[in-house]
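Undergrad: just to be clear, the model below is a prediction. Sequence and coordinates:
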Amino acid sequence: MPDGVKADSPSAAHIIADRIDREGPIPLGDYMAIANTHYYASKDPLGEDGDFVTAPEISQMFGEIIGIWLADLWLRKGSPDHCHYIELGPGRGTLAKDALRSMARFGCNPTVHFIETSPVLKAKQAALHPDAKWHDDIESLPEDGPLLIVANEFFDALPIEQFIAAADGWRQQMVARDRSKFVAVASEQVAEKQIGSVTSGFPEGTILERSPVSVEWTGKLANRLAKQGGALLVIDYGYDRPGTGSTLQAVKDHLPISPYDSPGTSDLTAHVDFHTLANIVRTRLLAVHGPAEQGQWLKSLGIDQRAEALMKASPKLAHSIRAAHQRLTHVDEMGRLFRVMAATPIDWPEPEGFSYAAE
């Protein structure tokens, strides 16, 4: 049994089923929170032997480019003291390793702070970053200098709520039991408090998604940046403008499965609403940059040239380097689906990479 989950601990499915038996159907967001908390506490989900692969695990180029981006901002701001590198959900610590190596080349050596709750992943991170400090939330982050915050595939795993248009208003998506299975059902009551009752213009059955948890995280991070300075870099798959439809998905062993099958054993995610996150940031009087397509952002910052340099230095690895570059930047792979958005205080320099922001 992996660290973080005791052998006699109840499964996520058991916890969810017990709560439904006691309370009736539960909100989708609660279901997602329980499932993902158990999932990340019980295993390392990354890599070919896990359930999915993230950009930092594909190539060192990804983290290196992020490190250069951060160092450039820091230098143009005048190399402020007491700078802190903050990463939300840092996986195995691979991105931080590559980014910090690049930052050090420019004299930028921030203290390292990870927001992570998984005991399994904390152990992996500690092996690469023995001097890092770990936090369960934003409140304990340092308050004495600029924060250089990176959130790569963090927001997509935060719980969402869904609301379904009905004839008499919006109904909240709930999760119930049908014998041994979990199923999605609409709430019996209209969800006026959460989303209002007006559904005019939306056909019955239309689904709207909201992520109050993402809004809360973004607001707290923006408050810190407004007070301390720095930058927030968000990289994730998502949408730039409000839309409709369900984006909830589950992945296990690199294959899609139903989000309601075996909760706690698969990665539950949803597309990130960059439009809402940007609006939250603006309410704190911060500048928003992007969203841009990941491929264009990486190319504008020199990933093509970095790939060429790596292939020249290691000709035998040229094929794998070229394949990694393709996967990170091509529009049919991660290049378009993934978006990059940044936020900075208005007295910080304009960050590079957003002249090709997605329209």
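TA: Looks like it arrived, so ask away.
Undergrad: contact partners of the helix or strand containing residue 343?
TA: Per DSSP states H and E, residue 343 falls inside strand 338-345. Around strand 338-345, the neighbours that count as contacts under Cβ atoms under 8 Å, 6 or more residues apart in numbering are 55, 73, 222, 225-226, 229-238, 240, 272, 274, 277-278, 281, 286-294, 297, 350-351, 353-354, 358. Backbone N, C-alpha and C define where each C-beta goes, glycine included.
Undergrad: for that strand, the distance to its chain's centre please.
TA: The chain centroid and the centroid of strand 338-345 are separated by 12 Å under Cα atoms, centre = their mean, to the nearest Å.
Undergrad: just the buried ones from the contacts of strand 338-345?
TA: Neighbour counting with 16 or more other Cβ atoms under 10 Å marks 55, 73, 222, 225-226, 229-238, 240, 272, 274, 277-278, 281, 286-294, 297, 351, 353-354, 358 as buried within the contacts of strand 338-345.
Undergrad: next step: those residues restricted to strands.
TA: 230-238, 272, 286-293 (DSSP state E).
Undergrad: partners of the strand holding residue 343, with directions?
TA: Sheet pairing of strand 338-345 (DSSP bridges) gives strand 230-239 (antiparallel), strand 286-293 (antiparallel).
Undergrad: quick check: what element follows the first one along the chain?
TA: In the C-terminal direction, the helix or strand that comes right after strand 230-239 (DSSP H and E) is strand 249-252.
Undergrad: restricting to C-alpha, output that next one in CSV.
TA: The C-alpha trace of strand 249-252 is given here as CSV (Å, rounded to 0.1, in the frame of the first residue of the first chain):
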residue,chain,number,x,y,z
GLN,A,249,-13.5,13.6,-17.7
ALA,A,250,-11.6,10.7,-16.1
VAL,A,251,-8.3,9.1,-17.2
LYS,A,252,-6.9,5.7,-16.0
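Undergrad: distance from the chain centre to stretch 104-113, please.
TA: Mean C-alpha position of stretch 104-113 versus that of the full chain (Cα atoms, centre = their mean) differs by 23 Å.
Undergrad: for it, the averaged confidence score.
TA: Per-region confidence: stretch 104-113 scores 98 on mean pLDDT.
Undergrad: just the buried positions in it, please.
TA: Buried-residue list, stretch 104-113, by 16+ other Cβ under 10 Å: 108, 110, 112-113.
Undergrad: cool, and stretch 12-27?
TA: 12-13, 15-17, 19-20, 25-27.
Undergrad: okay, now the unreliable bits of this structure?
TA: Low-confidence segments of the chain (pLDDT under 70): 1-8, 47, 49-50, 196-199, 356-359.
Undergrad: show me where it has its helices.
TA: Remark: helices assigned in the chain by DSSP state H are 12-23, 28-42, 55-58, 60-76, 94-104, 119-128, 192-195, 212-228, 274-283, 294-300, 303-313, 318-329, 334-337.
Undergrad: ok, which of these comes nearest residue 151?
TA: For the helices of the chain, proximity to residue 151 was assessed by Cβ to Cβ; helix 212-228 is nearest, at 8.2 Å.
Undergrad: CA atoms of that closest one as CSV?
TA: Provided in CSV are the C-alpha atoms of helix 212-228 (Å, rounded to 0.1, in the frame of the first residue of the first chain):
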residue,chain,number,x,y,z
PRO,A,212,-15.9,28.0,-6.8
VAL,A,213,-12.8,26.4,-5.5
SER,A,214,-10.8,27.7,-8.5
VAL,A,215,-12.2,31.2,-7.9
GLU,A,216,-11.2,31.1,-4.3
TRP,A,217,-7.6,30.0,-5.0
THR,A,218,-7.2,32.6,-7.8
GLY,A,219,-8.5,35.4,-5.5
LYS,A,220,-6.1,34.5,-2.7
LEU,A,221,-3.1,34.3,-5.1
ALA,A,222,-4.0,37.6,-6.7
ASN,A,223,-4.3,39.2,-3.2
ARG,A,224,-0.8,38.1,-2.5
LEU,A,225,0.6,39.4,-5.8
ALA,A,226,-1.1,42.7,-5.3
LYS,A,227,0.6,43.0,-1.9
GLN,A,228,4.0,41.4,-2.5
